[in-house]
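Novice: Kindly generate the corresponding structure for this input.
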Amino acid sequence: MATINEDYTTEKEEAGSDHLAQLQELSATDQADTTFSGDTSVPKKKPTEIPQGLFEGQGGKGTTSEVDLSNTENSDQMWAEYENWKAIGRAENPRMSLLTTGSIWSKDPIQTEQREKAKYEWYLKYYGMSPEDYLALKDKRRDEYNDYNLAGFSNKIRNLTDMSMGASSDWVMDAIGTFPGLGALDNYYDRKTKSKYQGMNNIRSMLSIVVPSILSGGFVTGQLKKKLPTEMAKWQKRLIGMGAFSAQEVAVIGLNDQGEEHNALRALADFFPGVFGEKGAVPIPNWAKTLDSDSPRVRKYKNMFDTAGLSIMGTVLGAYIKIHGKHRTMDWMEPLDDTAFKYKTTAVVKFKDLFPVFLTSLEFEATDTDVNYFTAEVTFKYTIYEIVGADGRTPL
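Specialist: Below is the predicted model of the structure:
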């Protein structure tokens, strides 16, 4: 179970994964021997001796228990005792407490001391060591498995491959799958390259949207700068840009398999049913949000509509804030003298394609006790400049 704090992860949930990590490893020599000899048996290692009167602990190899945990009654008793000490000082709403304070327990120092004492005794009884020693043992096992085991190395390579596919071939194959007759090819690719870890599949899905959005967005920006005349009014440029970027985002979602999932309007209706649900104050109509009964093609059309609408709304909102938000071009500048103050309140020089070509050295003295700011001279080159008023828009 993935959580935001290890306090909420139980030992019972970790038990299965711990035992998997304790599977006997097969060395390269053993692999060669079994390959060429035909003997498929795994060489037996001498088991770790457990002191007399003790049994193998809950943590597996390297841990001991005072009772036989293969006995169901003893195992049930162990987990009952576990729940008892973990309940000491537990908040009434553990999840909310975890989000607000970072812990599922209250801050009562007396209960904290009681819980830690009971926890320590529980670990000694069923693990044969302190909680800290067991964490160190787990870290040692994990390092050995990940760094010195072929399976661990293979997983790392596979994860890197998954991310690279999400950033490259995934969205390319999604686009190919939109052509008539090639959908089966895209589906075959998805089945054969799907990661066994859902987390990596989620990362691939995210990258398959983010990467083409960045690439296509950069292309659109470059084309707008080249194609739009310099003398064109700014509102016209913004209007054309709004349409171009909306079309770009619609194309990305339309060519991607993620367009077959539920759209943002469906998410709003699910998360806020009292507002946007069917019986909410502002219900979202079924023709706008995706439905469980929709076909993949219908969902893709609704996602494209959803994306275009949100893109236009975002552009309009941004333009409104920029125009009416009373934000001036030089608001970031803090004038240090009268000349700079007059310059800021009178005019602004806007350079196009400005870049530095020369910078003098920075000189300083390490023995100075006063605060001395670095000063240097810099030379720039530019294509053209425009002088406008302090509002950053009115030509002078």
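Novice: The helix or strand harbouring residue 166 packs against which elements?
Specialist: Taking DSSP states H and E as the definition, one finds residue 166 inside helix 150-167. Counting contacts by 3 or more CB pairs under 8 Å, 6 or more residues apart in numbering; DSSP states H and E, helix 150-167 is packed against helix 131-148, helix 198-227. C-beta here means a position set from N, CA and C on the backbone, and glycine is covered the same way.
Novice: Serialize the ones you listed to CSV and add fields for mean neighbour count, distance to residue 99 and mean pLDDT.
Specialist: Converted to CSV, the helices and strands packed on helix 150-167 look like this (neighbours: other CB atoms under 10 Å; distance: least, CB to CB, whole Å; pLDDT from 0 to 100):
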stretch, mean neighbour count, distance to residue 99, mean pLDDT
helix 131-148, 14, 24, 77
helix 198-227, 15, 21, 87
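Novice: What about the closest residue to residue 74 other than its chain neighbours? Give its phi and psi, please.
Specialist: Leaving aside its chain neighbours, residue 74 sits nearest to residue 67 (4.5 Å; criterion: CB to CB, 6 or more residues apart in numbering). Per-residue torsions, residue 67: phi -130, psi 160 (degrees, to the nearest 10).
Novice: Residue 67 and residue 73 touch, don't they?
Specialist: No - in this structure, residue 67 is not within contact of residue 73 by CB atoms under 8 Å, at 9.4 Å.
Novice: The two: which is more packed in?
Specialist: Each of residue 67 and residue 73 has its neighbours counted (other CB atoms under 10 Å); residue 67 has more, 15 against 9.
Novice: before we move on, the earlier item: can you list contacts of the helix holding residue 166?
Specialist: Applying CB atoms under 8 Å, 6 or more residues apart in numbering, the external contacts of helix 150-167 come out as 145-146, 193, 195, 197, 200-201, 203-208, 211.
Novice: What are the buried residues along the helix or strand following it?
Specialist: In the C-terminal direction, the helix or strand that comes right after helix 150-167 (DSSP H and E) is helix 169-176. Of the residues in helix 169-176, 170, 171, 173, 174, 175 count as buried by neighbour count, 16 or more other CB atoms under 10 Å.
Novice: So the first one sits against residue 209, correct?
Specialist: What it means is residue 170. No - between residue 170 and residue 209 there is no contact under CB under 8 Å: 9.7 Å.
Novice: ok so, going back, let me have the helices and strands packed on helix 150-167 in TSV, extended by distance to residue 394.
Specialist: Formatted as TSV, those follow (distance: least, CB to CB, whole Å):
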stretch	distance to residue 394
helix 131-148	62
helix 198-227	23
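Novice: Indicate which one of the ones you listed is closest to residue 253.
Specialist: The minimum distance between residue 253 and those falls on helix 198-227, with 7.5 Å, by CB to CB.
Novice: Give the next helix or strand downstream of the closest one.
Specialist: The C-terminal neighbour of helix 198-227 among helices and strands, as given by DSSP H and E, is helix 234-254.
Novice: Point out the other elements, helices or strands, that that next one touches.
Specialist: helix 198-227, helix 296-324.
Novice: residues of that helix that come out buried?
Specialist: 238, 241-242, 244-246, 248-254.
Novice: Same question for stretch 114-121.
Specialist: Neighbour-count burial for stretch 114-121 flags 115, 118, 119 (criterion: 16+ other CB under 10 Å).
Novice: and what of stretch 275-288?
Specialist: 276, 277, 284.
Novice: With pLDDT as extra columns, can I get these in TSV?
Specialist: TSV is the format used below for the buried residues of stretch 275-288 (pLDDT from 0 to 100):
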residue	pLDDT
276	87
277	85
284	89
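Novice: Turn those residues into TSV, including secondary structure and distance to residue 294.
Specialist: Shown next, in TSV, are the buried residues of stretch 275-288 (DSSP: H, G, I helix; E, B strand; the rest coil; distance: CB to CB, whole Å):
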residue	secondary structure	distance to residue 294
276	helix	18
277	coil	17
284	coil	14
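Novice: Perfect, I'm done here.
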